[in-house]
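> Quick one: sequence plus predicted model below, questions after.
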Amino acid sequence: MLTPPRTIVRREAGLYALERALQRRGFRYVAGADEAGRGACAGPLVAAAAILPEGRRGEIEGLADSKLLTPASRERIYDEVVARALAYAVVIIPAEEVDARGLHVCNLAAMRRALASLSTRPEYVLTDGFGVDGLDVPGLAVWKGDRVAACVAAASVLAKVTRDRIMVELDGTYPAYGFAEHKGYITPEHTAALREHGPCGEHRFSYVNVASVSGRDGSPPRARRPVSAGRRVSVPEAPETLFGDDPGAFLAHAGGEVGAAPGTRPGTDPGAPPAEGTASSADEAHEPMERSCPAGSTVGVALGERPRPSAPVGEDVVMEGGER
């Protein structure tokens, strides 16, 4: 049996070359997955997955690694991805879950769930930097994938914009920390605020810099978060839009369906305030968990969520390892 010849895709061939090569090999639906917030010491970890259509419709002007885009460009491209993608999904892991399970475990679980949540089943998966196990389709981990593959870049924009909006909301709840500016990353201003005010419930106590100012640096990483750091909420029936057995993950939105606004259950009036005690975790129907996110925030179930107005926030390329 003859094996097909190898396909060589050069980086200089452009952002869409890898997907086009896979499509020529018969993989029509190529999904990309990426995350935002690994390096932050506050706020959630957000993962996203996206499948762009073939041909010219899938080519988005200005699409690039989200860290290399201005906030205004990210918002514009976010709108384009949401409008054009065959399928997209975003999963949010709160800070207390990162503390409880570990960053890398949560990162893999979030990307796995985002990919599994796509309304169009992918035939091939591209991920940024490292592979995601547990998928039943072939995949490839691409070094700096958000600068090489369009679908990974699209996922990076979805994750980044979603997380930035959450941090802007949290800035209204915790104005002392400047979350709207640094998005929870470690900057001199954020470090000074931590030293002056101590950590809040949205900080990751498993991180050394947070543990050192909380007085819990002598504890093991997964035991550092005090129980009082979160806010307990009552337990509703688990939303049917969530699936799997990974605790603490929130399905933020999955493209192709119209659903509830942030903080609401599908089928409810998005203009009405959320019912008291409403939560959105898939597993809170089985076990109460601490949640420090304000009711009605971006964290929750929102299928097909439409973009919100752009917030006037500063650039944060350097904070995520990019270059100005």
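Yes, it's here. Numbering: from 1, shown residues only.

> Asp171 and Ala180 touch, don't they?
Yes: between Asp171 and Ala180 there is a contact under C-beta atoms under 8 Å: 3.8 Å. In this view, the C-beta of every residue, glycine as well, is placed from N, C-alpha and C.

> Where does pLDDT dip in the stretch 51-200 of the chain?
Counting by pLDDT under 70, the stretch 51-200 of the chain contains no low-confidence range.

> elements contacting the longest helix seen in the chain?
When the chain is parsed with DSSP state H, its longest helix is helix 150-173. Helices and strands touching helix 150-173, by 3 or more C-beta pairs under 8 Å, 6 or more residues apart in numbering; DSSP states H and E, are strand 30-36, strand 45-51, helix 71-84, strand 87-93, strand 124-128, helix 179-182.

> what about the first one, average pLDDT?
Translated: strand 30-36. For strand 30-36, mean pLDDT rounds to 94.

> by contact count, what packs against it?
On a contact count with 3+ C-beta pairs under 8 Å, 6+ apart, strand 30-36 meets helix 17-24, strand 45-51, helix 103-116, strand 124-128, helix 150-173.

> now the fifth one
For strand 124-128, the elements it packs on are helix 17-24, strand 30-36, strand 139-142, helix 150-173, judged by 3+ C-beta pairs under 8 Å, 6+ apart.

> Which strands and helices lie in contact with the first one?
With contacts defined as 3+ C-beta pairs under 8 Å, 6+ apart, the secondary structure elements packing on helix 17-24 are strand 30-36, strand 124-128.

> Quick check: which of those is buried the most?
Counting by mean count of other C-beta atoms under 10 Å, strand 30-36 has the highest mean neighbour count of these, with a mean of 29.

> Determine the angle, from 0 to 180 degrees, between that strand and strand 124-128.
On the basis of axes from the mean of the first three to the mean of the last three C-alpha atoms, to 10 degrees, strand 30-36 is oriented at 20 degrees to strand 124-128.

> What strands flank strand 30-36, and is each parallel or antiparallel?
For strand 30-36, the paired strands and their directions (DSSP bridges) are strand 45-51 (antiparallel), strand 124-128 (parallel).

> Pipe these into JSON lines and attach distance to Val98 per row.
Below are those laid out as JSON lines (distance: least, C-beta to C-beta, whole Å):
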{"stretch": "strand 45-51", "distance to Val98": "6"}
{"stretch": "strand 124-128", "distance to Val98": "18"}
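
> Indicate which one of those strands is closest to Arg112.
Nearest to Arg112, of all the strands paired with strand 30-36, is strand 45-51, at 8.6 Å by C-beta to C-beta.

> now the angle from that closest one to strand 87-93?
Here the directions of strand 45-51 and strand 87-93 differ by 170 degrees (the same axes, to 10 degrees).

> Return strand 45-51 as CSV; C-alpha atoms alone will do.
Output in CSV follows, covering the C-alpha atoms of strand 45-51 (Å, rounded to 0.1, in the frame of the first residue of the first chain):
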residue,chain,number,x,y,z
LEU,A,45,-8.7,30.9,32.6
VAL,A,46,-10.6,31.1,29.3
ALA,A,47,-10.3,28.6,26.4
ALA,A,48,-11.9,28.8,23.0
ALA,A,49,-12.3,26.7,19.9
ALA,A,50,-13.3,27.7,16.4
ILE,A,51,-13.9,26.3,12.9
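
> Also compute the angle for that strand relative to helix 103-116, please.
Per the same axes, to 10 degrees, the angle that strand 45-51 makes with helix 103-116 is 30 degrees.

> For the helices and strands packed on helix 17-24, give me CSV that also has distance to Tyr88.
CSV is the format used below for the helices and strands packed on helix 17-24 (distance: least, C-beta to C-beta, whole Å):
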stretch, distance to Tyr88
strand 30-36, 9
strand 124-128, 14
